[in-house]
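Participant: My questions concern the predicted model and sequence given below.
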Amino acid sequence: MSTENDYLDGNTLAGPLAELFAVDLTVAEGKCVSCGRNGPIADLRVYGPEPGLVARCPGCEEVILRLVRTPDAAWLDLRGVVALRVPLP
């Protein structure tokens, strides 16, 4: 049985997202579609890894993103993010 504290922080997403993007998205700031909270992806509460990773807002617990990796594809659902600000070097 899982409890409220059975999550990892958003830094867990660094490796899987690095396979898809050339920048470190854990430092990107996202805005939650549900509560409007702004914060870095690294602050999200991540559950998984099977069948995929689910990241929730630490403010309201709404799902921010889902990431599922198969042998030949990755599925990324960002419908919980209003905007994503990616700092560039």
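Facilitator: Alright, I've got the coordinates.
Participant: Show me what secondary structure element comes after the helix or strand of the chain with the lowest mean pLDDT.
Facilitator: When each helix and strand of the chain is scored by mean pLDDT, DSSP states H and E, helix 14-18 comes last, with a mean of 90. Using DSSP states H and E, the helix or strand that directly follows helix 14-18 along the chain is strand 29-32.
Participant: Check which strands are paired with that following strand and give the direction for each one.
Facilitator: Each strand pairing with strand 29-32, determined using DSSP bridges, is listed with its direction: strand 38-40 (antiparallel), strand 81-85 (antiparallel).
Participant: which residue is nearest the middle of this protein?
Facilitator: Among the residues of the chain, Ala55 comes closest to the average C-alpha position under C-alpha atoms, centre = their mean, at 4.3 Å.
Participant: didn't it look like it was pressed against Leu65?
Facilitator: Yes: the pair Ala55 and Leu65 passes the contact test of C-beta atoms under 8 Å, sitting 4.8 Å apart. Just so you know, the C-beta spots here come from the backbone N, C-alpha and C atoms, and that holds for glycine as well.
Participant: which neighbours do those two share?
Facilitator: The overlap between the contact sets of Ala55 and Leu65 (C-beta atoms under 8 Å, 6 or more residues apart in numbering) consists of Leu13, Leu44.
Participant: Show me the shaky parts of the protein.
Facilitator: With pLDDT under 70 as the threshold, the chain has low-confidence stretches at 1-4.
Participant: one more time with 80, if that's ok
Facilitator: Across the chain, the ranges flagged by pLDDT under 80 are 1-5, 89.
Participant: ok so, going back, would you mark the buried spots in the least confident helix or strand of the chain?
Facilitator: Along helix 14-18, the positions that meet the burial threshold by neighbour count (16 or more other C-beta atoms under 10 Å) are Pro16, Leu17.
Participant: With stretch 28-41 instead?
Facilitator: For stretch 28-41, the buried set under the neighbour-count rule, 16+ other C-beta under 10 Å, comprises Ala28, Glu29, Gly30, Lys31, Cys32, Val33, Gly39, Pro40, Ile41.
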